[in-house]
Structures are given as structure tokens and as C-alpha cells.
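[1] structure of the sequence below:
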Amino acid sequence: MFSRSLIRSNCDDFRHAVVEELAELGSTVHTCSRNEAELNRCLQEWAAKGFTVTGSVCDASSRPQREQLLEKVTFLFNGKLNILVSVPTVI
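    Reported below is the predicted structural model:
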């Protein structure tokens, strides 16, 4: 499977599970988190497993940060995104 995936979720456990599943299937994944330390820890873990995962710090409630995220993903994936997982926060 060759795909490019963007995973955005405020639930770290959900995001982690989806990233791992898609990476195990061979997808190149980009994910984001508001928490830089947590994101870096996960990126190191995924790299150790041999997964192709990149990430960026992004607060999805900020329009400028969402725009920066899309610009970065567009650049990383040469304008081609196959899978988008975006889970909004539920209160």
C-alpha cells in the first residue's frame, strides 16, 4: 500500500493507534499535536519501529497554524494526500 496520510486528533491514544496502523500498512504519515514533547516522543518511537512518520506542532483551533500545517503537508506529500483523519474535540 502506498499512501500519504494526515492524522489530526486531540486524543493522543486514538491518534497513536491510527498512525501505527497506517504506518504498519506502509503509509507515509504526518501527524500533529499541540504538545511538542509528546509529539517528539512518539516520533522517536515510530522511527525506532521503522515507520515513515513526520509530525509538526499545531493547535487546530488556530487558523494560521492550520494553514501552516496544510502548507507543510502539501510540500511533504507533493500536493497528494490519500487519507485524512481529523477527529474534532467533543465536549
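
[2] next, find the distance separating the residue nearest the centre of the chain from K49.
    Residue closest to the average C-alpha location in the chain (CA atoms, centre = their mean): T31, at 1.0 Å. Going from T31 to K49 by CB to CB, to the nearest Å gives 14 Å. Any C-beta I mention is one placed from the backbone N, CA and C, and that applies to glycine too.

[3] tell me if I'm right that R8 and T31 touch.
    Yes - counting by CB atoms under 8 Å, R8 touches T31, with 7.2 Å between them.

[4] shared neighbours of the two, anything?
    Common contacts of R8 and T31 (CB atoms under 8 Å, 6 or more residues apart in numbering): R15.

[5] all the helices of the chain, in order from the start?
    12-24, 36-48, 63-76 (DSSP state H).

[6] can those go into JSON lines with extra columns for mean neighbour count, distance to V57 and mean pLDDT?
    Putting the helices of the chain into JSON lines (neighbours: other CB atoms under 10 Å; distance: least, CB to CB, whole Å; pLDDT from 0 to 100) gives the following:
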{"stretch": "helix 12-24", "mean neighbour count": "17", "distance to V57": "14", "mean pLDDT": "89"}
{"stretch": "helix 36-48", "mean neighbour count": "14", "distance to V57": "5", "mean pLDDT": "94"}
{"stretch": "helix 63-76", "mean neighbour count": "14", "distance to V57": "8", "mean pLDDT": "94"}
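
[7] okay, these in JSON lines with distance to P88 next?
    As requested, the helices of the chain are exported to JSON lines (distance: least, CB to CB, whole Å):
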{"stretch": "helix 12-24", "distance to P88": "12"}
{"stretch": "helix 36-48", "distance to P88": "19"}
{"stretch": "helix 63-76", "distance to P88": "12"}
